[in-house]
Structure formats: structure tokens, C-alpha cells
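Trainee: Give me a model of this one.
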Amino acid sequence: MDVTTTPIPGLLVLRIPVHADNRGWFIENWQREKMIAAGLPDFGPVQHNVSYNNTAGATRGIHAEPWDKLVSVVVGRVFGAWVDLRAGDTFGQSFSIEIEPGVAVFVPRGVANSYQTLEDRTAYSYLVNEHWSADAKYTNLNLLDETVAIPWPLPLAEVSDKDKAHPRLADVEPIAPRRSVILGADGQLGRALRELLPDALALTRADLDLTDPASYDSVPWKDVDTIYNAAAYTAVDRAETPEGRRAAWAVNVTAVATLARIATQHRLTLVNVSSDYVFDGTAETHTVDEAVSPLGVYGQTKAAGEAVTSTVPRHYIVRTSWVIGDGGNFVSTMERLARDGVSPTVVDDQYGRLTTAAELAAGLVDLVRSGAPYGIHHITGGGPVKTWADIAREVFAEAGRDPADVTGVSTEVYGEGKDMAPRPKYSALH
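Mentor: Numbering: from 1, shown residues only. Below you'll find the predicted structure:
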């Protein structure tokens with residue numbers, strides 16, 4: 001099998017082996033494993049359509065539906081033509097090729113499809129990855145549009161009135177690309193993602209209640225390509241209480257299970273942010289292949305969320321640690337204490353690295369855009385491993401205070417008289 005590219009991005013021509021003998025021929029017109037190995041996207045077909053045409057010269061199109069398709073000929077020959085109607089530099093780009101049994105074309109969403117039969121009694125096949133719906137948005141182009149300059153080999157005689165009445169290219173609204181969805185868009189990471197993805201559908205807690213299954217129905221998932229789940233229950237200590245435990249499981253696990261189902265159903269990429277708390281902190285540095293061993297409820301829910309996310313064919317599980325962004329965080333708290341003349345007591349036996357929300361967001365977006373392998377990734381800030389007390393002293397020094405005004409204490413001493421969840425001693429990720 002041979003797969004070649006065309007001037008239209010994503011439009012691929014397949015040449016499939018034809019096995020012929022005195023009885024006729026046989027081809028594997030759709031063979032998922034072989035075609036993916038040859039470079040075809042795993043586009044998940046769900047419906048097969050066949051268009052039969054009585055006479056040579058019958059011409060159909062030019063139609064762009066909101067789904068991908070694999071087109072081929074079962075009987076006869078056709079002249080196939082495609083026009084890119086997606087927004088971007090290749091809008092209006094056309095490509096044509098003759099198709100016969102053994103030649104197929106993968107047509108990505110937003111590329112308009114058309115063909116003209118070259119023989120009588122021709123059967124044209126469409127394998128598509130969405131069920132046909134009258135409510136779907138279709139973008140069509142006039143078959144007679146001279147500006148597209150499709151070199152039809154036969155006169156355009158057998159053409160429907162509807163195909164002659166569609167708008168010309170100059171009047172077609174370019175098809176927008178699928179959008180990203182940011183969940184938890186009002187949090188520190190969510191706000192950082194919004195800076196990088198201004199066209200994303202940014203959903204705050206008020207826009208989408210993650211714990212209400214019905215609220216997900218308001219999102220136009222068919223127009224989405226990636227879900228960035230920046231929402232989480234992060235009240236580590238409160239998660240140890242009965243009420244907090246239920247809330248943590250609802251947001252960090254049950255909601256993620258709903259997102260996993262949606263992502264799988266619509267063939268979306270799910271990016272789920274996890275935490276160093278999935279580890280018990282006994283190893284000084286945690287690698288992506290270390291077995292999870294959470295100490296507390298929060299870590300347990302994040303580990304369970306990872307397991308659920310891993311069921312999605314296109315998924316990124318991204319662990320991070322000690323995230324700070326705009327708004328209230330450890331660093332801003334230490335800055336305030338330094339200004340106010342307070343000399344705090346800070347834990348000095350937990351080790352890790354700070355990660356800014358901006359660098360975490362940039363790492364998430366880069367994973368998706370670069371096509372990095374699906375699976376588990378670690379994204380954290382760089383530099384040497386430090387304790388919380390080390391970081392506090394640096395903040396004090398920057399503020400003009402004596403670093404010695406920060407007193408380091410053990411986690412055990414700091415937690416005396418407090419209802420604190422267990423925390424990993426070592427949080428550095430590799």
C-alpha cells in the first residue's frame with residue numbers, strides 16, 4: 001500500500017493492492033491496521049455510503065461536510081476533485097485525480113468533495129466518521145464556479161440544480177478549525193492557557209458544572225479537537241474530611257470519567273493535569289514509569305483520574321508540582337509576609353521545584369501541537385531542588401528582608417495541632 005500527500009494538507013491518495021484472477025478482483029478497501037501504518041489517520045469510520053450513477057458524465061458536489069471521509073470506486077472510474085474550504089493559506093486550493101478500484105482518497109473535514117463519472121454504471125463509495133444529520137453544518141461550492149478551475153474531462157451536463165445554485169468561492173465563508181476547550185478557565189492554569197489559546201472555548205466553573213452530567217451537553221463537542229482539563233479539586237487537607245472526600249472524587253475522578261467518554265466518542269485529545277501527589281515521595285526524583293502510590297485522598301483521586309484518562313486513545317496525562325500563577329500562591333504569600341514584617345515558620349523537609357502556571361500551560365500546548373507521543377509526561381520548572389523554606393528565604397531576600405527571618409521546621413512540627421493531609425517528602429519530577 002502506498003500513501004502520498006497532495007497540495008491540500010491532510011488530503012491523501014492511497015494506492016491499494018488489487019488481487020485479481022480469472023474470476024475478478026479483491027481489495028481490502030478499508031484495513032485499519034495497514035492504513036494507519038502507511039500514514040492514514042485513525043479516523044474512526046461509522047457509516048458507509050454508496051452513490052450509484054447510471055451514465056458517464058454525472059457530476060456531484062462540491063460538498064464539504066463536518067466529518068472526514070475515505071472515498072473510492074467500487075465499480076467504474078471517476079474524475080475526483082477537491083477544494084480546500086478551511087480557513088487558512090490553502091483556502092481555495094484544488095486537487096484532482098482519476099479514481100478506479102485500487103485508488104482511494106482520504107478527505108479531511110473542511111475539504112469539499114466532488115466527482116464526475118467517466119463510465120456508465122459507476123458506484124462511488126464514502127466511508128465517513130460521523131452519522132449523517134440534517135442538523136449538521138454543510139458548506140457547499142458551486143459546481144460551475146470558474147474561479148476554482150477544476151478541469152472536468154466531460155461537459156457538465158448531468159448536474160443537479162442544487163449543485164449549480166451553491167455560492168461561488170468568493171462568497172463561501174471559510175470553515176473554522178476545530179477549537180480547544182479549556183475547563184477550569186478561571187483558575188491559575190486556566191488563565192495561563194487562555195493567554196496561549198485565545199480562540200479556545202474557555203469554560204469556568206459557572207459555565208460548566210463538572211459534577212452535573214447534563215451540563216456537558218451544552219458544549220458543541222463536534223466542533224472541538226482538544227480538551228485541556230485544568231479543573232481540579234486541590235484542597236489537599238479538606239479532601240481528608242467526609243465532605244471534601246466526596247467533592248474530590250466527584251471532580252477529580254467522576255468528572256474525568258465523563259470527559260474520557262466524550263473524548264473517546266468524538267475522537268478528541270484529552271489533556272488531564274495530574275500531580276506529584278500520586279507518589280508517596282520516598283524516591284528523591286519521580287520518573288514517568290514509577291508506580292503510583294498516593295498517601296492521601298487528594299493523591300488517590302488524581303491517581304484514579306490518571307487511570308481513567310489512560311483509556312482515551314488520544315490522551316496526555318501531565319504531572320506537575322508546586323504550581324504558582326497569578327493570584328494567591330505560596331510566593332505571593334511570602335512576599336506579603338515580608339512586606340508586613342512577619343517572620344514565618346516554613347516547612348524545610350519537603351523537596352521539589354516550583355512550576356509557574358505560564359510554563360506549565362506552554363508545555364501542555366506544545367505537547368498537543370508537536371504531536372508528542374500520547375501517554376504520561378512530566379512538566380515542571382527547572383533548577384535545583386529546594387525546600388519550601390529555601391524558597392521563602394529567597395523571596396525574603398528579594399524583598400530586602402533578612403532570609404534568616406524565615407524559620408525552618410519539620411513537617412511533623414508544622415502540623416502539630418492541625419488536620420493536615422500526608423504529603424510526599426520528595427516532589428521533584430524528572
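Trainee: what ranges do the helices span in the stretch 201-350 of the chain?
Mentor: 242-249, 255-266, 297-309, 330-339 (DSSP state H, counting those that start in this stretch).
Trainee: Just name the most buried of these.
Mentor: Of all those, helix 297-309 has the most neighbours on average by mean count of other Cβ atoms under 10 Å, namely a mean of 23. To be clear about C-beta, it is placed using only N, CA and C from the backbone, and glycine gets the same treatment.
Trainee: in the stretch 101-250 of the chain, which segments are predicted with low confidence?
Mentor: Within the stretch 101-250 of the chain, no stretch has pLDDT under 70.
Trainee: Apply 90 and report the result again.
Mentor: 132-137, 149, 157-158 (pLDDT under 90).
Trainee: all strands for it, in order.
Mentor: 103-107, 111-117, 122-128, 139-140, 179-183, 201-203, 224-229 (DSSP state E, counting those that start in this stretch).
Trainee: Go through those strands and pick out the most buried.
Mentor: It is strand 111-117: most buried of the strands of the stretch 101-250 of the chain by mean count of other Cβ under 10 Å, with a mean of 25.
Trainee: Give me the sheet partners of it and which way each runs.
Mentor: Paired with strand 111-117 in the same sheet, following DSSP bridges, are strand 59-64 (antiparallel), strand 78-84 (antiparallel).
Trainee: what angle sits between the first one and strand 103-107?
Mentor: Taking axes from the mean of the first three to the mean of the last three Cα atoms, to 10 degrees, one finds that strand 59-64 is oriented at 30 degrees with respect to strand 103-107.
Trainee: Look at Ser299 and report its pLDDT.
Mentor: Rather than Ser, residue 299 is Gly. If you check Gly299, the pLDDT there is 97.
Trainee: residues in contact with it?
Mentor: For Gly299, the contacting residues are 275, 277-279, 424, by Cβ atoms under 8 Å, 6 or more residues apart in numbering.
Trainee: Rebuild the helices of the stretch 201-350 of the chain as a markdown table, extending it with distance to Val46.
Mentor: Written out in a markdown table, the entries for these read as follows (distance: least, Cβ to Cβ, whole Å):
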| stretch | distance to Val46 |
| --- | --- |
| helix 242-249 | 33 |
| helix 255-266 | 10 |
| helix 297-309 | 23 |
| helix 330-339 | 49 |
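Trainee: Figure out which of the ones you listed is closest to Ala123.
Mentor: helix 255-266 (30.2 Å; Cβ to Cβ).
Trainee: pLDDT weak spots in the stretch 301-430 of the chain?
Mentor: 326-328, 415-420.
Trainee: and Glu28, that one's in a strand?
Mentor: No - looking at Glu28 with DSSP: H, G, I helix; E, B strand; the rest coil, it is coil, so not inside a strand.
Trainee: neighbours around Ile36, how many?
Mentor: When neighbours are counted by other Cβ atoms under 10 Å, Ile36 registers 12.
Trainee: Equivalent analysis for Pro313, please.
Mentor: Neighbours of Pro313 (other Cβ under 10 Å): 13.
Trainee: And Arg401, by the same measure?
Mentor: Neighbours of Arg401 (other Cβ under 10 Å): 20.
Trainee: check contacts around it.
Mentor: Arg401 neighbours (Cβ under 8 Å, 6+ apart): Ala338.
Trainee: now swap in the one 3 residues further on and tell me
Mentor: With contact set as Cβ under 8 Å, 6+ apart, Ala404 has these partners: Arg393.
Trainee: re the thing from before, so can I have CSV of the strands of the stretch 101-250 of the chain showing distance to Ala248?
Mentor: CSV is the format used below for these (distance: least, Cβ to Cβ, whole Å):
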stretch, distance to Ala248
strand 103-107, 43
strand 111-117, 45
strand 122-128, 41
strand 139-140, 44
strand 179-183, 16
strand 201-203, 20
strand 224-229, 15
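Trainee: Between those strands, which one is closest to Leu12.
Mentor: strand 103-107 (4.3 Å).
Trainee: by how many degrees do that closest one and strand 122-128 diverge?
Mentor: Going by the same axes, to 10 degrees, strand 103-107 is angled at 40 degrees with respect to strand 122-128.
Trainee: Strand 103-107 - contacts with which helices or strands?
Mentor: Strand 103-107 sits against strand 12-15, strand 69-75, strand 78-84, strand 94-99, with contacts defined as 3 or more Cβ pairs under 8 Å, 6 or more residues apart in numbering; DSSP states H and E.
Trainee: hmm, 10 Å instead?
Mentor: strand 12-15, strand 69-75, strand 78-84, strand 94-99, strand 111-117, strand 122-128 (3 or more Cβ pairs under 10 Å, 6 or more residues apart in numbering; DSSP states H and E).
Trainee: Indicate which one of the ones you listed is closest to Ala255.
Mentor: That would be strand 122-128 among these, by Cβ to Cβ, at 30.7 Å.
Trainee: strand partners of the closest one, parallel vs antiparallel please.
Mentor: Strand 122-128 pairs in its sheet with strand 47-53 (antiparallel), strand 69-75 (antiparallel), by DSSP bridges.
Trainee: one step back: could you dump the contacts of Gly299 to CSV with neighbour count?
Mentor: As requested, these are arranged in CSV below (neighbours: other Cβ atoms under 10 Å):
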residue, neighbour count
Ser275, 27
Tyr277, 28
Val278, 25
Phe279, 24
Pro424, 25
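Trainee: Dump the residues you listed into JSON lines; add distance to Pro384 as well.
Mentor: Shown next, in JSON lines, are the contacts of Gly299 (distance: Cβ to Cβ, whole Å):
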{"residue": "Ser275", "distance to Pro384": "21"}
{"residue": "Tyr277", "distance to Pro384": "22"}
{"residue": "Val278", "distance to Pro384": "23"}
{"residue": "Phe279", "distance to Pro384": "20"}
{"residue": "Pro424", "distance to Pro384": "18"}
